[in-house]
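J.: Coordinates only, no sequence provided:
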């Protein structure tokens, strides 16, 4: 076995001999892709133990509040934020009510991220990454090696809701993150809390491989317990002839249609978890078919649903998702408007989001002159296994549905699914030509944005 390099020592302070062997195996395998980047957990020994304690405390802890009922921990959180976070401290004394705290948005974070980092955070250990999303303001996210490692706890929590407890440890690959884009951040790492089990981020685009057939060979060699990705990368993954199937797929970053989820579950013979996750706060909720909504995952994350004026809506009504709390102690958010929309409800399993949809609601005019919400289009297309699609209505009422290249063969079925709403003669189909995320619903029609 080769000796650890200075870069590996920096990226993996607690790297064991079997962890080093795992890194070598993932990089040096004959079918390995070109890894374009270097990354690591950067966790200190004490932090690894603290993460185990964090997981034990949060893995099964209940989300002990209901819509409209404030959680017990929130008052203390607000007091801490107003004392230690420059942006909130500048607002003056602590408000008596949560609704009196001015809500913030992505634009506020983009304008001055430093104002949202607490004075108590050790700057030497801070890490950051840039996010752009499908629209809005590019920004830096303040984070920390411990914050990045905490994601695993809530992915494990989501898996537990589906009856899966992760088992892979020493000498095994726990997770492979799969992307599918022209340029992709790719690397190998290990997970100290899982006895240095392997972790790899790979790009399924053929340009990253010596031979396209190497993709299946490499994944079979790694035999990961779980794969994470998005509907686009999973659609490409489904084309590969794998002999070693994961125990679960975790989809993040983009909404997944029921049709797509059913196709993947049949193809890989395992649960497919649709997780609503944000770079700002991590995993927020996971879809649970038994209750018909996205169950909240973080016991210390409070969710409000706001109207366009920033006021809480009535119980069960749709509005913008607004978050307070979370596990990112480098950027504790208070009343953060996400730009995503849903309704809140309670279930036998805890609070959940209903009708979750990214970005502002858009309405479209049907062939009868009536207006329908973008959710109606989502429902109309939900049975089709579409990894990505967009819908646009022109100013003259004609409409375009945009489909990913891999599912253009479903063009006629997509048009038929929308026939009850739109005149097929005025509905055209185009192919999505970008490999990045797109803004799903848009319109040039006056009155489309309520």
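T.: Yes, it's here. The structure displayed is predicted, hence computed values, not measured ones.

J.: So which elements touch the host helix or strand of residue 411?
T.: Element membership of residue 411, judged by DSSP states H and E, is helix 411-417. Contact partners of helix 411-417 among helices and strands, from 3 or more Cβ pairs under 8 Å, 6 or more residues apart in numbering; DSSP states H and E: helix 374-381, strand 399-403, strand 427-431. C-beta coordinates here come from the backbone N, C-alpha and C atoms, glycine included.

J.: What residues does residue 362 make contact with?
T.: 373-374, 441-443, 448-449 (Cβ atoms under 8 Å, 6 or more residues apart in numbering).

J.: how about a cut-off of 6 Å?
T.: Residues near residue 362 by Cβ atoms under 6 Å, 6 or more residues apart in numbering: 374, 441, 443, 448.

J.: low-scoring pLDDT stretches of the stretch 301-450 of the chain, where are they?
T.: Within the stretch 301-450 of the chain, the stretches with pLDDT under 70 are 358-361, 435-437, 450.

J.: How about residue 177, nearest residue that isn't a chain neighbour?
T.: Excluding the flanking residues, the one nearest residue 177 by Cβ to Cβ, 6 or more residues apart in numbering is residue 201, at 4.3 Å.

J.: And residue 371, by the same measure?
T.: That would be residue 363: by Cβ to Cβ, 6+ apart, it lies 4.6 Å from residue 371.

J.: Next one: residue 14 from residue 55, what distance?
T.: 16 Å (Cβ to Cβ, to the nearest Å).

J.: same deal with residue 446?
T.: Applying Cβ to Cβ, the value for residue 446 to residue 55 is 52 Å.

J.: Next: residue 21.
T.: 25 Å.

J.: Where is the longest strand in the protein?
T.: Counting by DSSP state E, the longest strand found in the chain is strand 333-347.

J.: which residues touch the nearest residue to residue 35 once chain neighbours are set aside?
T.: Distances taken as Cβ to Cβ, 6+ apart place residue 186 nearest to residue 35, at 5.1 Å, with adjacent residues excluded. Counting by Cβ under 6 Å, 6+ apart, residue 186 touches 35-37, 201-203.

J.: got a winner among those residues for most neighbours?
T.: Of all the contacts of residue 186, residue 202 has the most neighbours under the rule other Cβ atoms under 10 Å, reaching 28 neighbours.

J.: ok but it is inside a strand, no?
T.: Yes - counting by DSSP: H, G, I helix; E, B strand; the rest coil, residue 202 is found in a strand.

J.: is it in a bridge, and if so with what?
T.: Assessed by DSSP bridges, residue 202 has beta-bridge partners residue 178.

J.: measure it to residue 180 for me?
T.: Residue 202 is 10 Å from residue 180, by Cβ to Cβ.

J.: what's around residue 444, how many residues?
T.: 12.

J.: correct me, but it touches residue 396?
T.: No - with contact defined as Cβ atoms under 6 Å, residue 444 does not count as touching residue 396 (8.6 Å).

J.: any idea how far residue 381 is from the spatially closest residue to residue 429 that is not a sequence neighbour?
T.: Distance criterion Cβ to Cβ, 6+ apart; nearest residue to residue 429, sequence neighbours excluded, is residue 411 at 4.3 Å. Applying Cβ to Cβ, the value for residue 411 to residue 381 is 12 Å.

J.: what about whatever helix or strand residue 274 lives in, average pLDDT?
T.: For residue 274, the host element (DSSP H and E) is strand 272-278. For strand 272-278, the mean per-residue pLDDT is 95.

J.: now swap in stretch 122-135 and tell me
T.: Mean pLDDT, stretch 122-135: 74.

J.: tell me how far it is from the chain's mean position?
T.: Relative to its chain's centre, stretch 122-135 lies at 15 Å (Cα atoms, centre = their mean, to the nearest Å).

J.: again with stretch 112-129
T.: In terms of Cα atoms, centre = their mean, the centre of stretch 112-129 is found 22 Å from the chain centre.

J.: Give me the contact list for that stretch.
T.: With contact meaning Cβ under 6 Å, 6+ apart, stretch 112-129 is reached by 84-87, 140-144, 330-331.

J.: still on that earlier bit, which stretch among the helices and strands packed on helix 411-417 is buried most, on average?
T.: strand 399-403 (a mean of 20; mean count of other Cβ atoms under 10 Å).

J.: so residue 281 sits right up against residue 326, yeah?
T.: Yes - counting by Cβ under 6 Å, residue 281 touches residue 326, with 4.1 Å between them.

J.: Quick one, grab the pLDDT at the residue nearest to residue 335 when sequence neighbours are not counted.
T.: Counting by Cβ to Cβ, 6+ apart, residue 335 lies nearest to residue 103, which is 4.3 Å off, once chain neighbours are set aside. Looking at residue 103, its pLDDT is 96.

J.: Spit out the contact partners of residue 103.
T.: By Cβ under 6 Å, 6+ apart, the residues touching residue 103 are 310, 335, 337.

J.: what does residue 263 give?
T.: Residue 263 makes contacts with residue 385, as judged by Cβ under 6 Å, 6+ apart.

J.: and residue 288, how many residues sit next to it?
T.: Residue 288: 19 surrounding residues under other Cβ under 10 Å.

J.: Kindly apply the preceding question to residue 15 instead.
T.: 19.

J.: how about the helices in this protein?
T.: 6-11, 17-28, 45-58, 74-84, 86-89, 106-111, 145-161, 214-222, 231-237, 258-268, 374-381, 411-417 (DSSP state H).

J.: So which of these is nearest residue 131?
T.: helix 106-111 (9.2 Å; Cβ to Cβ).

J.: The closest residue to residue 55 other than its chain neighbours: neighbouring residues, count only.
T.: Take residue 55 and drop its neighbours on the chain: the residue closest to it by Cβ to Cβ, 6+ apart is residue 153, 4.6 Å away. As a burial measure, residue 153 scores 23 neighbours (other Cβ under 10 Å).

J.: ditto for residue 410
T.: Neighbour tally, residue 410, other Cβ under 10 Å: 20.

J.: ok, it - contacts?
T.: residue 384.

J.: Just confirm residue 187 contacts residue 41, I think it does.
T.: No - under the criterion of Cβ under 6 Å, residue 187 is not in contact with residue 41, lying 11.2 Å apart.

J.: Which one of the two is surrounded by more residues?
T.: residue 41 (25 against 18).

J.: returning to what we had before: quick one: the contacts of residue 186 as TSV, columns for distance to residue 295 too.
T.: Formatted as TSV, these follow (distance: Cβ to Cβ, whole Å):
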residue	distance to residue 295
35	35
36	36
37	33
201	27
202	29
203	31
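
J.: Neighbours of the closest residue to residue 171 other than its chain neighbours, how many?
T.: With Cβ to Cβ, 6+ apart as the criterion, residue 171 has its nearest non-adjacent residue at 6.1 Å, and that residue is residue 18. The local packing of residue 18 (other Cβ under 10 Å) involves 15 other residues.

J.: same deal with the one 3 residues further on?
T.: Other residues within reach of residue 21 by the criterion other Cβ under 10 Å amount to 17.
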